[in-house]
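> using only what follows, build the 3D model:
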Amino acid sequence: MRDAVIDGDAPMTSVDRMAVGFATALRAEGIAVPVGSVATFLQALGVLGVERRSLVHGAGRATLVRRPEELAKYERAFAAFWLQREMVLEPAPEPDSVMLGVEDDDDDLLDPAQDEGPGGDEQLVVRYSATEVLRHKDFAAYSPAEHAEARRLMAGLRFGGAQRRSRRRRPARSGRLDLRGTVRGALRHEGEPIQRAFTRPVSRPRPVVLLCDVSGSMEPYSRALLRFMQAAVVGRGRVEAFALGTRLTRLTRELSSHDPDVALASAARSVQDWSGGTRLGQAVQAFNTEWGVRGMARGAVVVVLSDGWDRGDPAELADAMARLRRVAFRIVWVNPLKASPGYAPLARGMAAALPHVDVFIEGHSLSALEHLAEVVARP
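From the prediction side, this is the model:
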């Protein structure tokens, strides 16, 4: 933990407290608001003021909301904080200085005695987690050091397919009568069936198939997504991984190494069309013919990680996705560009594939990949 006093001689104004309080209200609604966004919002209030609620509303939406699904939560928090309470502009008792702390996940919280400034003056210590900021940052904006940290964090992702009922059964206290077990128990009591035996079905996770676009348009995201695929392959048994480009390349064996560096280097050597063109229809059709329809995709959760840009015929991609949809349990399309403001699925490939997709989500950050893991495991 390292602390730095920011404007220690200048007390917090009422506008500062309202900005911090509004950020707290947003977090209570479930919106992740980084400290940097709060600082940007505070700068906007310094220019626009707080008298006109419409300006405050627009400034908050522009600086504090990162996802379309957070808009409803933002409106509730804004109405509760700004519209249903009187503004308190009178100065209130406050700390003599504000301290900004950068909190490491391995560090303990500061001792309360450290929250006192020189001479015993009270200080307000504001902490933020660097890991939390990294979780919501776009992969395309990562530095090399942040990519290395993200690769470490991905090792902790838990990735499992939706549960399905197996043909196997296990002993249970109730359920379907187990005639063989009942007779076996009766033999121990001279043929008298004193105690009946029962069984119930066993559930096991569905297989998962990951198809990752490694074309040039996906270059800012493909390496991070391949690290995610490696963590998924290593984390559980029934995950298959493929690379999509101008051809189809199976990467399950290459990504099965527990060393991420070794796995990614092996995958890079195997993919001959890395950062090249994209023929999604041809690649998905090849997967259907060689692997999917023969059994790999039957009853599986199929995840396509692609921005939807395709040089091939959109009709070919539509036919391939329709064929895949007939055998798969669920198709999830992960598009890193979906998080961009004003995004619409207008690319030819994306528009052709979307009617055959069950779930269409973002894939630009660690938090988006965590959400993907939840979607894949959804029953």
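> do you know how far the residue nearest to W274 when sequence neighbours are not counted is from R200?
In space, not counting the residues next to it along the chain, W274 is nearest to V214; the distance is 5.4 Å by C-beta to C-beta, 6 or more residues apart in numbering. (Glycine included, C-beta is placed from N, CA and C.) Here the criterion is C-beta to C-beta, to the nearest Å. By it, V214 lies 44 Å from R200.
> more neighbours, these two?
The neighbour comparison of V214 against R200 (other C-beta atoms under 10 Å) goes to V214, with 28 against 15.
> give the contact list for the more buried one.
Taking C-beta atoms under 8 Å, 6 or more residues apart in numbering, we find V214 in contact with S222, L226, A243, L244, G245, V271, D273, W274, S275.
> strands of this protein, start to end?
Secondary structure of the chain (DSSP state E): strands at 2-6, 97-103, 123-129, 163-172, 176-177, 198-205, 208-213, 239-244, 248-250, 301-305, 330-335, 359-362.
> pick out the shakiest of those strands, pLDDT-wise.
Looking over the strands of the chain, mean pLDDT reaches its minimum on strand 2-6, with a mean of 34.
> pLDDT weak spots in the protein?
1-12, 84-130, 160-161, 164, 166, 236-237 (pLDDT under 70).
> grab the longest helix from it for me.
helix 219-235 (DSSP state H).
> in that one, which residues are buried?
Neighbour counts over helix 219-235 (16 or more other C-beta atoms under 10 Å) mark 221-235 as buried.
> ok, stretch 134-145 next?
For stretch 134-145, burial by neighbour count (16+ other C-beta under 10 Å) applies to L134, R135, H136, K137, D138, F139, Y142.
> what do you get for stretch 76-83?
Neighbour-count burial for stretch 76-83 flags A77, F78, F81, W82 (criterion: 16+ other C-beta under 10 Å).
> mind putting those into TSV with distance to S306?
Shown next, in TSV, are these (distance: C-beta to C-beta, whole Å):
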residue	distance to S306
A77	34
F78	36
F81	40
W82	41
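> from these, which is closest to P205?
Nearest to P205 out of the buried residues of stretch 76-83 is A77 (C-beta to C-beta; 37.1 Å).
> ranges for the helices of this protein?
14-28, 35-48, 53-64, 71-78, 130-135, 144-154, 179-187, 219-235, 260-270, 280-287, 314-325, 348-353, 366-377.
> pipe those into TSV and attach distance to R196 per row.
What follows is those, written out as TSV (distance: least, C-beta to C-beta, whole Å):
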stretch	distance to R196
helix 14-28	53
helix 35-48	63
helix 53-64	62
helix 71-78	53
helix 130-135	52
helix 144-154	49
helix 179-187	5
helix 219-235	40
helix 260-270	51
helix 280-287	48
helix 314-325	44
helix 348-353	52
helix 366-377	35
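> backbone phi and psi for the residue sitting furthest away from the middle of the chain, please?
Within the chain, E190 marks the point farthest from the mean C-alpha position, 59.9 Å out by C-alpha atoms, centre = their mean. Per-residue torsions, E190: phi 60, psi 40 (degrees, to the nearest 10).
> against V334, how distant is it?
63 Å.
> need the contact partners of stretch 339-346.
Contact partners of stretch 339-346, identified using C-beta under 8 Å, 6+ apart, comprise 66-67, 138, 308, 335, 337-338, 351, 354, 360, 362, 364-365, 368.
> ok, and for that stretch, which residues are buried?
Under 16+ other C-beta under 10 Å, the buried positions of stretch 339-346 are A339, P345.
> repeat that for stretch 370-378.
Quick answer for stretch 370-378 (16+ other C-beta under 10 Å): E370, L372, A373, V375, V376, A377.
> look up the closest residue to the fifth one, ignoring the ones flanking it.
Take V376 and drop its neighbours on the chain: the residue closest to it by C-beta to C-beta, 6+ apart is V301, 5.2 Å away.
> hang on, the one you found packs against P207?
Yes: counting by C-beta atoms under 8 Å, V301 touches P207, with 7.5 Å between them.
> give me the angle between the longest helix of the chain and strand 301-305.
Inter-element angle recorded for helix 219-235 and strand 301-305: 150 degrees (by axes from the mean of the first three to the mean of the last three C-alpha atoms, to 10 degrees).
> other residues contacting helix 219-235?
By C-beta under 8 Å, 6+ apart, the residues outside helix 219-235 that reach it are 139-140, 142, 147, 150-151, 154-155, 157-160, 208, 210, 212-214, 218, 239, 241, 251-252, 255-258, 260, 263-264, 267, 274-275, 305, 307, 334, 336, 363-364, 369.
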